[in-house]
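> need a structure here:
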Amino acid sequence: MPHLLFKLISIWVQIRDLCLYLFKHAIIVNAWIDDHTWRGLNHRNWGDDINYYFIKELTGRPVVSLFNFRLARKYEFKNYLCIGSLLGMPGYVNENTIVWGAGSFGELKGESPQHICSIRGKLTHDILVEKGMQCPEVYGDPALLLPLVYQPHRGVQCSIAASSVQEVQKASYHLGIIPHIDDLNHHVIEEIRDKHADEILIIDLAHYEKWTDIIDQICSCERILSSSLHGLIVSDAYQVPNCWIELSGKLLGGHFKFCDYASSVDRDFSKPLRIEKIADITNVLDYVDLHFSCADAEKVKELQQGLIKVAPFKLTALQR
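Predicted coordinates:
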C-alpha cells in the first residue's frame with residue numbers, strides 16, 4: 001500500500017473510531033482483528049474476526065479495535081477481551097480490560113485485567129487463581145452463543161437453537177475439514193482440494209464473504225474434522241459431531257487452549273488425531289463412533305446461560 005494512502009486510512013480510522021465511541025457507544029474489543037480499512041474488516045482469521053461481527057450482532061452496538069484506535073490505546077479506555085486466547089499475552093491486557101469468556105495459551109504475562117466476568121475453561125481459571133487473581137467459576141467461549149442469534153441456511157438443524165428455528169436442508173457433505181489458518185497450505189489439505197473436493201468440504205477461515213458463511217458450511221456437513229479450536233467450538237454449538245485433528249502441529253500455544261475449552265464442556269481432548277496423509281482421514285471415517293463426538297446439548301445450554309448472566313454489556317439480540 002502506498003505510504004500516502006496508508007496514512008490517509010490511518011487518519012480516517014482514528015476519526016471514525018472516535019466518532020463511533022463518542023456518539024454510538026462503540027465497544028472496544030481487544031483482539032487480533034484488522035479494521036484498518038475505509039470500511040469494515042479485512043478477513044484474516046474467522047475465529048478472531050467474530051469478535052467484530054458477532055459482538056456487534058449480540059449488542060446492536062458498533063465495534064472497534066483497540067489496537068487501531070490510538071487514543072483508546074494511549075489512555076487505556078475500557079476494553080473487552082472476549083473471544084480468543086489472548087489473556088496473558090503481552091500488550092493485550094491493561095488495567096481497564098474486562099474479560100468475558102477469553103482463554104489463554106497457558107502462560108500469563110503482562111498486566112492483570114480490571115475484572116473477569118467469565119473465562120473460557122478451567123485450566124486458565126486455575127492459572128489465574130494461582131496468580132492471585134479473582135476469577136469466577138463461570139466458563140465457556142462466547143461463540144457457544146451463536147445458535148441463539150443465527151440459524152444456518154443449509155445443513156443439519158440445530159437442537160439447541162433459539163425459538164425461531166427455520167427449516168434447513170439435510171447435510172450436503174459427509175465430511176468437512178476446518179484447517180487452522182496456519183494449516184491452509186498443508187499437503188493433505190492441498191490434495192483434498194485437488195482430488196476430493198466433491199466429497200470433502202474444506203472450510204477456509206481466512207477467505208470468506210459473509211461471516212455467517214462459515215456457520216452455514218459447518219452445518220452443511222454431517223461431521224467435522226478441525227485443527228482450529230473455533231471449528232470445534234462452533235461444531236459443538238450447533239451439535240455437529242466433530243473430531244480434533246493435528247496437521248502441521250505448529251500452532252501457537254500447542255494443545256493448551258484445546259484442553260482448556262474441553263474442560264468447560266466436559267469433553268476429553270487428551271490428544272489430537274494426527275493427520276499426515278489422506279489415508280488417515282479414511283481410517284477416521286471407518287471408525288466414526290470412536291473418533292467423533294459432540295458436547296452435550298444440556299451442558300452447552302448451561303454454559304450459555306452462565307455467559308448471558310455475567311455479560312458485561314446488554315445482549316440486545318437475545319431480548320428481541
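> from the contact counts, what lies against the longest helix seen in the chain?
Criterion DSSP state H: the longest helix present in the chain is helix 3-23. Helix 3-23 sits against strand 63-65, helix 70-74, with contacts defined as 3 or more C-beta pairs under 8 Å, 6 or more residues apart in numbering; DSSP states H and E. All C-beta spots, glycine's among them, are computed from the backbone N, C-alpha and C.
> tell me how many other residues surround Leu144.
28 (other C-beta atoms under 10 Å).
> residues touching it, list them.
Ile233, Asp236, Ala237, Val300, Leu303, Gln304, Leu307 (C-beta atoms under 8 Å, 6 or more residues apart in numbering).
> where along the stretch 51-200 of the chain do the strands fall?
For the stretch 51-200 of the chain, applying DSSP state E, counting those that start in this stretch gives strands covering 63-65, 79-81, 97-100, 115-118, 175-178, 200-202.
> what lines up beside the first one in the sheet?
With DSSP bridges as the test, strand 63-65 is paired with strand 27-29 (parallel).
> show me the contacts for the closest residue to Gly306 other than its chain neighbours.
Excluding the flanking residues, the one nearest Gly306 by C-beta to C-beta, 6 or more residues apart in numbering is Val138, at 4.8 Å. By C-beta under 8 Å, 6+ apart, the contact set of Val138 is Cys117, Ser118, Ile119, Gly306, Leu307, Lys309, Val310.
> next one: Val138 from Tyr173, what distance?
35 Å (C-beta to C-beta, to the nearest Å).
> and if you look at Leu251?
Taking C-beta to C-beta, one finds Leu251 at 25 Å from Tyr173.
> just to revisit the earlier point, for Leu18, which of the strands of the stretch 51-200 of the chain is the nearest?
With C-beta to C-beta as the measure, strand 63-65 is the member of the strands of the stretch 51-200 of the chain nearest Leu18 (9.1 Å).
> give me the element Asp280 is part of.
In this structure, Asp280 sits in helix 278-286 according to DSSP states H and E.
> buried residues in that helix?
Of all the residues in helix 278-286, those buried under the rule 16 or more other C-beta atoms under 10 Å are Ile281, Val284.
> chain center to whatever helix or strand comes next after that helix, what's the gap?
The helix or strand immediately downstream of helix 278-286 is helix 288-291, counting by DSSP H and E. Helix 288-291 sits 25 Å away from the centroid of its parent chain (C-alpha atoms, centre = their mean, to the nearest Å).
> buried stuff in helix 288-291?
Under the neighbour-count criterion of 16+ other C-beta under 10 Å, helix 288-291 has His291 buried.
> using CSV, write out every CA atom in that helix.
The C-alpha coordinates for helix 288-291 follow below in CSV (Å, rounded to 0.1, in the frame of the first residue of the first chain):
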residue,chain,number,x,y,z
VAL,A,288,-16.8,-43.0,13.2
ASP,A,289,-18.1,-43.8,16.7
LEU,A,290,-14.6,-44.0,18.1
HIS,A,291,-13.4,-40.6,16.8
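> contacting residues around it?
Here helix 288-291 makes contact (C-beta under 8 Å, 6+ apart) with Arg223, Cys243, Leu273, Val284.
> ramachandran coordinates for the spatially closest residue to the third one that is not a sequence neighbour?
Distances taken as C-beta to C-beta, 6+ apart place Ile245 nearest to Leu273, at 4.9 Å, with adjacent residues excluded. Dihedral angles phi and psi of Ile245 (degrees, to the nearest 10) take the values phi -120, psi 160.
> what's around Ile245, how many residues?
By the criterion of other C-beta under 10 Å, Ile245 has 26 neighbours.
> now do Val93
So Val93, with other C-beta under 10 Å, has 23 neighbours.
> likewise Trp244?
25.
> looking at this, it is in a strand?
Yes. Assessed by DSSP: H, G, I helix; E, B strand; the rest coil, Trp244 belongs to a strand.
> which residues touch Asp260?
Gly103, Ser104, Gly106, Arg120, Gly121, Lys122, Leu123, Thr124.
> my guess is the first one contacts Lys122, does it?
No. With contacts defined as C-beta atoms under 8 Å, Gly103 does not count as touching Lys122, sitting 10.5 Å away.
> more crowded one of those two?
Gly103 (29 against 17).
> please name the nearest non-neighbouring residue to the more buried one.
Arg120 is the one closest to Gly103 (C-beta to C-beta, 6+ apart), at 3.2 Å.
> Ile116 now?
Per C-beta to C-beta, 6+ apart, closest to Ile116 is Val99, 4.4 Å.
> cool, Cys294 as well?
Pro241 (5.0 Å).
> regarding that neighbour, what are the backbone dihedral angles?
Residue torsions, per degrees, to the nearest 10, at Pro241 are phi -50, psi 140.
> if I pick it, what's in contact with it?
Per C-beta under 8 Å, 6+ apart, neighbours of Pro241: Glu222, Arg223, Ile224, Ser235, Phe292, Ser293, Cys294.
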